[in-house]
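*Asks:* mind folding the following:
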Amino acid sequence: MTDPLAELQCSHLDRLEQRYAEVLSRLGHDGVLIYSGQPALHFGDDQHTDFQAYGHFQHWTGQAYLAQSWLLVCPGKRPVLYLYAPDDFWHLPARLPQEAWVERVEVVKGRFDVPPALPRGRYAVIGDVGVATAKALGAELNPTALLLALDEERVRKSEYEVACIGQANRQAMAGHVAARDAFLSGAAELDVQLAYLKASRQRESHVPYGNIIGINAHAGVLHYQHYDAATPAKQQSLLVDAGHRYRGYCADITRTWAGAQADPLFPALTEAVTHLQQQLIAALRPGVDYVGLHERMHDLLADLLVEHRIVLGSPESAVANGITRAFCPHGLGHLLGIQVHDVAGRRTADGTAMPPPDEHPALRLTRELEPGMVVTIEPGLYVIPMLLDPLREGPAGHQVNWEQVERLAPHGGIRIEDNVLVTTGTPRNLTPEAE
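*Replies:* From the prediction side, this is the model:
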């Protein structure tokens, strides 16, 4: 094997085989059949939507776009991959990569218009599978206890998974650098998007989530979904929230840059938010309550707003009166892995639900941190009229310097996001610096 990740991948598979055997034995299952999923047809059309394979299928194979295939895992036996690869002159049949995992499974190629038959015993089938299909297989469909256990196994990443996330980050950052350079040369949002895709070496249908490319006020729309083809009259700001997928594992990076015509307040605030983010990253340790860290973000954001005279009251009153939440309504971050918003972020290891606090409903991670978790840290500062207008009219409105807000409004907002591994010591930032 020439793949430098082969040894790490073999160790990752050893761990998966052991954990699946333990979980299946504990729950009384003889095995589990995992369906990769299939793309949906657009209504009234013969074209399919973009597709990403089921997370637990990717956990074994890393194949994010392999549709209509099945993986049978039985303790003590070699996993069997039923690979959807029919003879076809319309499309190129699926091909497997030269990776270590392929040598660890038995590969059966075919069409599989019906799922593969299961041996005698008690089996589960998981994924986007219909009730009729599960019944025909004689298998239990998506058993809750099994899914909770398999989700939990994905929370702490193996060395192989960390290496894959790191490579995804490196390729994504190449895209961010190209996006920045395109913007500074006068490009429109669409041109910035194309520059990102080219430099990060990926097609638009394969990005792990829809890239957010917001110039000027569009940077204040948290999940801005368009790419203007026209260059704006002024280039004041650019926010790029964009990632990459490598062997199934995701990067999720956000950067914000000031344009040549930015108000001087904006680059100063961008630098301040970056410093705030680095303070939060430095605080990542096992046992840290992520909800508490999110609340710490609001304390630091309040200090920043007061320091730059956007808020005229005290930092404490800015937090207590909801001013910081109006300037940053989203959560500090989330678990990252095969899925961008990875599984099990809002429950304990035993499956007990841990919903976010009422005042922070968008927070996607509510657990204590553990070694092996990869999390995003993404504080933000935005001018969002639908949130700030009620604040202006409310009792706390006099605490906001609205002249400063109006200076910032054409720039939309700021978000800085890195992907960080929690270790037993100093956290390891997997996101490289922009060149």
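*Asks:* all contacts plus neighbour counts: C-alpha atoms, from now on.
*Replies:* Noted.
*Asks:* quick one: the helices in this structure?
*Replies:* Assigned by DSSP state H, the helices in the chain fall at 6-27, 55-61, 100-103, 131-137, 144-153, 159-184, 189-200, 265-282, 290-307, 315-320, 323-327, 385-393, 402-408.
*Asks:* which residues of this protein score low on pLDDT?
*Replies:* Applying pLDDT under 70 to the chain picks out residues 1-2.
*Asks:* one more pass at 90, please.
*Replies:* Counting by pLDDT under 90, the chain shows low-confidence ranges at 1-4, 87-88, 90-92, 112-114, 433-435.
*Asks:* on that earlier part again, okay, the helices of the chain in TSV with mean neighbour count and distance to Thr231 next?
*Replies:* Shown next, in TSV, are the helices of the chain (neighbours: other Cα atoms under 10 Å; distance: least, Cα to Cα, whole Å):
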stretch	mean neighbour count	distance to Thr231
helix 6-27	16	45
helix 55-61	22	38
helix 100-103	15	46
helix 131-137	14	51
helix 144-153	17	44
helix 159-184	23	10
helix 189-200	22	7
helix 265-282	18	20
helix 290-307	20	31
helix 315-320	18	37
helix 323-327	23	27
helix 385-393	14	23
helix 402-408	15	20
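*Asks:* make a markdown table from the ones you listed and add distance to Val240 to it.
*Replies:* Rendered in a markdown table, the data for the helices of the chain read as follows (distance: least, Cα to Cα, whole Å):
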| stretch | distance to Val240 |
| --- | --- |
| helix 6-27 | 32 |
| helix 55-61 | 26 |
| helix 100-103 | 34 |
| helix 131-137 | 41 |
| helix 144-153 | 30 |
| helix 159-184 | 7 |
| helix 189-200 | 9 |
| helix 265-282 | 13 |
| helix 290-307 | 21 |
| helix 315-320 | 27 |
| helix 323-327 | 19 |
| helix 385-393 | 21 |
| helix 402-408 | 18 |
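*Asks:* quick one, what contacts the closest residue to Glu370 other than its chain neighbours?
*Replies:* Spatial nearest neighbour of Glu370, excluding adjacent residues (Cα to Cα, 6 or more residues apart in numbering): Pro286 at 4.5 Å. Shown in contact with Pro286 (Cα atoms under 8 Å, 6 or more residues apart in numbering): 368-371, 422-424.
*Asks:* from these, which would you call buried?
*Replies:* Among the contacts of Pro286, those scoring as buried are 368-371, 422-423 (criterion: 16 or more other Cα atoms under 10 Å).
*Asks:* format these as a markdown table; extra columns: distance to Ala233.
*Replies:* Listed next are those as a markdown table, based on distance: Cα to Cα, whole Å:
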| residue | distance to Ala233 |
| --- | --- |
| Glu368 | 47 |
| Leu369 | 45 |
| Glu370 | 48 |
| Pro371 | 48 |
| Val422 | 43 |
| Thr423 | 46 |
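*Asks:* residue farthest from the centroid of the chain?
*Replies:* Arg120 (38.6 Å; Cα atoms, centre = their mean).
*Asks:* ok, residues contacting stretch 368-378?
*Replies:* Residues contacting stretch 368-378 (Cα under 8 Å, 6+ apart): 155-158, 162, 252, 254, 277, 280-281, 284-290, 331-337, 415-424.
*Asks:* centre-most residue in the chain?
*Replies:* Most central in the chain (Cα atoms, centre = their mean) works out to Val340, at 1.8 Å.
*Asks:* who's in contact with that residue?
*Replies:* 208-209, 250-252.
*Asks:* quick one: stretch 206-216 to chain centroid distance?
*Replies:* On the basis of Cα atoms, centre = their mean, to the nearest Å, stretch 206-216 sits 12 Å off its chain's mean C-alpha point.
*Asks:* got a list of contacts for stretch 173-190?
*Replies:* Stretch 173-190 is touched from outside by 191-193, 195-200, 213-215, 227-232, 235, 238, 240, 242, 253, 255, 257, 259-260, 431-435, with contacts defined as Cα under 8 Å, 6+ apart.
*Asks:* mind exporting the C-alpha coordinates of that stretch to CSV?
*Replies:* Output of stretch 173-190 as CSV, limited to C-alpha atoms (Å, rounded to 0.1, in the frame of the first residue of the first chain):
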residue,chain,number,x,y,z
MET,A,173,-7.9,27.1,3.0
ALA,A,174,-6.3,27.1,-0.5
GLY,A,175,-9.8,28.0,-1.7
HIS,A,176,-10.2,30.8,1.0
VAL,A,177,-6.9,32.4,-0.1
ALA,A,178,-8.0,32.4,-3.7
ALA,A,179,-11.4,33.8,-2.8
ARG,A,180,-9.8,36.6,-0.9
ASP,A,181,-7.5,37.4,-3.8
ALA,A,182,-10.3,37.4,-6.3
PHE,A,183,-12.3,39.8,-4.1
LEU,A,184,-9.4,42.2,-3.6
SER,A,185,-9.0,42.3,-7.4
GLY,A,186,-12.6,43.4,-7.8
ALA,A,187,-14.5,40.1,-8.4
ALA,A,188,-18.2,39.6,-8.0
GLU,A,189,-19.6,36.9,-5.7
LEU,A,190,-19.9,34.4,-8.5
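*Asks:* could you check how far the nearest residue to Val311 once chain neighbours are set aside is from Gly322?
*Replies:* Nearest residue to Val311 in three dimensions, chain neighbours excluded: Val400, at 4.5 Å (Cα to Cα, 6+ apart). Going from Val400 to Gly322 by Cα to Cα, to the nearest Å gives 12 Å.
*Asks:* who's more crowded, these two?
*Replies:* Per other Cα atoms under 10 Å, whichever of Val400 and Gly322 has more neighbours is Val400, with 21 against 16.
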